[in-house]
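[1] sharing a sequence plus its predicted fold:
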Amino acid sequence: MKTVILFRHGQAKWNSGFNKDYDRTLTDVGILEAEKMGCYLANKNLIPEQVISSSAIRAHTTAKTANIAGKWNKNIILEPMIYGGPPDFLLNLVKSQDDKINFICLVGHEPNFSGFVNKSIIGNFRQGYPTATMAKINFEIEKWNDIEFNTGNLDWVVRPYEIK
C-alpha cells in the first residue's frame with residue numbers, strides 16, 4: 001500500500017506588501033496551524049517518509065514548521081510546480097517517487113489539492129479544504145507508477161480546529 005497526505009499551507013497574510021502571491025508569508029495563526037498539524041501526524045505515528053513542498057514561501061514555511069514541531073526530521077524537497085500545478089501534475093509527481101518509500105506528504109495549495117483528492121478517490125470529495133487541512137489517501141498499489149485517479153481510498157480529512 002502507498003499513502004499520500006495532502007497538506008494545505010497554513011493561513012497566509014493577505015496584505016499588499018507582497019510583490020506577488022508566491023511571496024506571501026504565514027500569519028501567526030498559520031504558524032500555529034502548521035505546528036499543530038506536524039504534531040498531529042507525529043502523535044498518530046504517521047511521520048511521512050518523504051516531504052515534498054511547493055516552493056512558495058507560505059507552503060515551504062508550513063512544511064518546515066510542521067517538520068520541526070512534529071520532530072519528523074525529514075529533508076524537504078521543494079517543487080515549484082506544486083504552486084499552481086493542476087491535479088495531473090501532482091499525479092505525475094507522485095508516480096515518480098521511489099518505490100522504497102510508502103508514505104509521502106505533499107504540502108501546497110488550493111484548488112489543486114481538493115481537485116487531486118476529488119479525482120483520486122473512489123467516490124466524491126465535497127468538503128472544504130481550509131488552510132492547514134490534511135487529507136490522507138491510501139492506494140492499494142506496490143509501485144508509485146501504478147497510481148491512477150479514482151483508485152484511492154480517503155482514510156481521513158482533518159482540519160486544525162478539529163484537533164483538541
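    Sure, I can see it. Residues are numbered from 1 along each chain as shown.
[2] residues near residue 149, how many?
    Residue 149 has 13 neighbouring residues, counting by other Cβ atoms under 10 Å. For glycine as for every other residue, the C-beta is placed from the backbone atoms N, C-alpha and C.
[3] and if you look at residue 89?
    Residue 89, neighbours per other Cβ under 10 Å, totals 15.
[4] thought it was touching residue 81?
    Yes. At 5.6 Å, residue 89 counts as touching residue 81 under the criterion of Cβ atoms under 8 Å.
[5] which strands or helices does the one helix or strand in the chain whose mean pLDDT sits lowest pack on?
    When each helix and strand of the chain is scored by mean pLDDT, DSSP states H and E, helix 112-120 comes last, with a mean of 93. Applying 3 or more Cβ pairs under 8 Å, 6 or more residues apart in numbering; DSSP states H and E, we find helix 112-120 packed against strand 2-8, helix 87-95, strand 134-139.
[6] who does the longest one touch, helix- and strand-wise?
    Identification of packing neighbours for helix 87-95 by 3+ Cβ pairs under 8 Å, 6+ apart yields strand 103-108, helix 112-120.
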